[in-house]
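Q: sequence first, predicted model second:
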Amino acid sequence: MWYYSKNGMQLGPLSTEELSGKARGGEVSPSDLVWKEGMPDWKPLAQVPEFQSTGGFSNPPSVGMGSVPMQQPPMYPAGYAPGSVPNYLWQSIVVTVLCCLPFGVVSIVYAAKVDSLLIRGDIVGATAASQSAKNWAIVGVASWAVGIGLYLIFMVFIAAGAAASGP
Amino acid sequence: MHKDRALWVSLGVLALAGAAYALRETGGAGWMPGCAFRKLTGLECPGCGMTRGTYALLHGRFAQAFAFNPVGMILLPLAMVALGIEVMGWVRGKPMPFRLNPGRWGATVVAVVVIVFWIVRNLV
């Protein structure tokens, strides 16, 4: 079951046949975002393999030309659309601002590399940078959690000490 | 729509609201550990001032909040909105059609701004 996004509205669900019918009819354009359960993110219709094998998209009928297979110019000629590999930028910002250790900054730097690498077509590098951004964010959160844990233990000992030595 | 995910998110929002309320009443003094980086090195990290800033914000003192950590006060709300959209997508089992994606340059600018801010605030 497919969902698609058109003029800011999310529509569907449709079967593969229905959606490719709409694509042939021009109701859904190759650049419209589509998604089905199991896909990590929305993708332009033209980049989804299911709809590439149907023989391309037809132009709206133009004068005297009939139907011509459309040459869809890829939006990112050399590479992949930003967002096809998660960059974890927002997560790393939260980690940086709230965890007070430089791990979050390392995570932001890797996050910033993800989209640049994607546009250059380096999906392997982008995936590696994405993984590094994620790992450093986790290191940041984990060190923060350990710090909080130690702090709480410390506070409990102080309180217990104060209670034991109290009057 | 995943009910278990909605439950976890509700619990998380409740915990955040509780923490915000506690911070608003106490200013965080005595129960928040403070910045580990600052304690270890004596330098300020990019997040230093966010507790004081949030406290000021919760009392409606926007200018003061901004003065404690200008970069964090801009980036954290943005990140919260962006992650809120992601979490909504996660709860309903498919990504939201609208998301905040800073793109290639946006992400690079954020990284540069954070690092420059980190250096500059320790020099000034």
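A: Looks like it arrived, so ask away. Numbers count the residues shown, from 1 in each chain, chains lettered A, B, ... in the order given.

Q: do the worst-scoring helix or strand of chain B on mean pLDDT and chain A meet?
A: The weakest-scoring helix or strand in chain B, judged by mean pLDDT, DSSP states H and E, is helix B:36-41 (a mean of 84). Yes - contact between helix B:36-41 and chain A, assessed by CB under 8 Å from any CB of the partner chain, occurs at B:36, B:37, B:38. Placement of C-beta: from N, CA and C, glycine included.

Q: buried residues, that helix. List them.
A: For helix B:36-41, a neighbour-count test (16 or more other CB atoms under 10 Å in any protein chain shown) marks B:36, B:37 as buried.

Q: can you check stretch A:15-29 too?
A: A:19, A:20, A:22, A:23, A:24, A:28, A:29.

Q: what about residue A:10, how many neighbours?
A: Per other CB atoms under 10 Å in any protein chain shown, the neighbour tally for residue A:10 reads 15.

Q: stretch A:138-157 vs chain B: in contact?
A: Yes - contact between stretch A:138-157 and chain B, assessed by CB under 8 Å from any CB, occurs at A:143, A:144, A:147, A:148, A:151.

Q: can you say which helix or strand has the second one in it?
A: Secondary structure assigned from DSSP states H and E places residue A:144 in helix A:123-164.

Q: same for that helix, what does it pack against?
A: The contact analysis (3 or more CB pairs under 8 Å, 6 or more residues apart in numbering or on different chains; DSSP states H and E) places helix A:123-164 against helix A:89-99, helix A:103-119, helix B:36-41.

Q: mind running it again at 6 Å?
A: Counting contacts by 3 or more CB pairs under 6 Å, 6 or more residues apart in numbering or on different chains; DSSP states H and E, helix A:123-164 packs against helix A:89-99, helix A:103-119.

Q: in CSV, list those along with mean neighbour count.
A: Shown next, in CSV, are the helices and strands packed on helix A:123-164 (neighbours: other CB atoms under 10 Å in any protein chain shown):
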stretch, mean neighbour count
helix A:89-99, 26
helix A:103-119, 25
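
Q: which ones are touching residue B:64?
A: Neighbouring residues of residue B:64 by CB atoms under 6 Å, 6 or more residues apart in numbering or on different chains: residue B:56.

Q: confirm it sits in a helix?
A: Yes - assessed by DSSP: H, G, I helix; E, B strand; the rest coil, residue B:64 belongs to a helix.

Q: so how many other residues sit close to the nearest residue to residue B:57 once chain neighbours are set aside?
A: Spatial nearest neighbour of residue B:57, chain neighbours left out: residue B:65 (4.1 Å); criterion: CB to CB, 6 or more residues apart in numbering or on different chains. Number of residues near residue B:65 (other CB under 10 Å) recorded here: 22.

Q: and the pLDDT at residue B:65?
A: Per-residue pLDDT puts residue B:65 at 93.

Q: what kind of secondary structure is residue 86 in?
A: Defaulting to chain A. What three-state DSSP gives for residue A:86 is coil.

Q: leaving aside the residues adjacent along the chain, what's closest to it?
A: Closest residue in space to residue A:86, ignoring its immediate chain neighbours: residue A:130 at 5.8 Å, by CB to CB, 6+ apart.

Q: isn't that neighbour up against residue A:112?
A: No - the pair residue A:130 / residue A:112 is not scored as a contact, 11.4 Å apart, by CB atoms under 6 Å.

Q: near chain A, which residues of chain B?
A: With CB under 6 Å from any CB of the partner chain as the criterion, chain B meets chain A at residues B:33, B:35-37, B:45-47, B:50, B:72, B:75-76, B:79, B:82-83, B:95, B:97, B:101, B:103-104, B:107-108, B:111, B:114.

Q: who touches the strand or helix carrying residue B:120?
A: For residue B:120, the element it lies in under DSSP H and E is helix B:103-123. Helix B:103-123 is contacted by residues A:82, A:89, A:108-109, A:111-112, A:115-116, A:119, B:43-44, B:46, B:71 when judged by CB under 6 Å, 6+ apart.
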